[in-house]
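> sequence? don't have it. structure:
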Ligand code: PXL
């Protein structure tokens, strides 16, 4: 069984970051090791959330794992708190990465053209240096525009998306895969567009757009993509599976009469995820 280390905050209520990554990666038959960088009462879209920074725990936890000779098949980072924390995570990646470790970075810091309340331009620039150390990065258009200094556009064409992907790939990355999430190339459609710098190859996958936006869907997307790659899917197949699962989950959430606002009902669609994965990557 493959082992993924995921480094991000734990928002006790809110269905994002670790409360999504842990159940999804586990359900996909992959061991999830967690490194919580902070504990929040809720995610930051709630008013009055509490936050206890745990960055001083990262070093002792990592040192203990080193003593135990622990290795990871993947290191997956998501929402982090501060520039210092990004530097600590970069150090940890350097220490734990070997030839076969996949470093997957979701530079979660904004959406809809804006950074989340806790972040500024300097944080985005530091996140770009973390992306430079990754094998695969999955920013949305907002995060990509802050990291590349290219303008954020509400309406755009394929040439604009390709320009951003090329700019992202110039930031670095060992295997050089950059994928943009939330890319809509025609009316009523949305999905992902990626670029593999090593093979100079673009990839695009679009789904029917489900008319709703929820928090935490980026974390669901990334967790499923990492899990699928750990189960042996190519990066393209993993991004497709993650896009299908995210779309299915948003559609399912829309049917919920209680109209949840802060997160999606991913718990309800885990059986379909497991089934889809089993078809593409049967367990032996
Ligand atoms: O889903 C990204 C995310 C993760 N963690 C925290 C957040 C958010 C998005 O708002 O606030 C604490």
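That came in fine, so what should we check first? The model shown is predicted, which means the values in this text are computed figures rather than measured ones. Residues are numbered from 1 along each chain as shown.
> OK, contacts around residue 192?
179-181, 183, 203-205, 239-240, 242-243 (C-beta atoms under 8 Å, 6 or more residues apart in numbering). C-betas here are computed from N, CA, C, even on glycine.
> closest to the ligand among those residues?
Each of the contacts of residue 192 was scored against the ligand by C-beta to the nearest ligand atom, and residue 181 proved nearest at 12.0 Å.
> quick revisit: return the subset of the contacts of residue 192 lying in strands.
When these are checked against strands (DSSP state E), the matches are 179-181, 183, 203-205.
> redo those as TSV? Include pLDDT and neighbour count.
Shown next, in TSV, are the ones in strands among the contacts of residue 192 (pLDDT from 0 to 100; neighbours: other C-beta atoms under 10 Å):
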residue	pLDDT	neighbour count
179	96	29
180	97	23
181	93	25
183	95	24
203	96	17
204	97	17
205	97	18
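> low-confidence ranges, this structure, go.
Across the chain, the ranges flagged by pLDDT under 70 are 173-175.
> re the thing from before, tabulate the ones in strands among the contacts of residue 192 (TSV), appending distance to the ligand.
Listed next are the ones in strands among the contacts of residue 192 as TSV, based on distance: C-beta to the nearest ligand atom, whole Å:
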residue	distance to the ligand
179	17
180	17
181	12
183	18
203	24
204	24
205	21
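> which residues in this protein form strands?
Under DSSP E, the chain gives strands at 3-13, 31-42, 51-53, 74-77, 102-105, 110-111, 114-115, 136-137, 177-183, 189-196, 201-208.
> is any residue of stretch 209-227 near the ligand?
Yes. Contact of stretch 209-227 with the ligand (C-beta under 6 Å from any ligand atom) involves 215-216, 218-219.
> buried set for stretch 12-26?
Neighbour-count burial for stretch 12-26 flags 14-25 (criterion: 16 or more other C-beta atoms under 10 Å).
> in helices only, show me those residues.
The members of the buried residues of stretch 12-26 that map onto helices under DSSP state H are 18-25.
> what's around the residue of the stretch 51-200 of the chain found nearest the ligand, how many residues?
Residue of the stretch 51-200 of the chain nearest the ligand, by C-beta to the nearest ligand atom: residue 79 (3.4 Å). Residue 79 has 25 neighbours, counted by other C-beta atoms under 10 Å.
> that one contacts residue 109, doesn't it?
Yes. Between residue 79 and residue 109 there is a contact under C-beta atoms under 8 Å: 7.4 Å.
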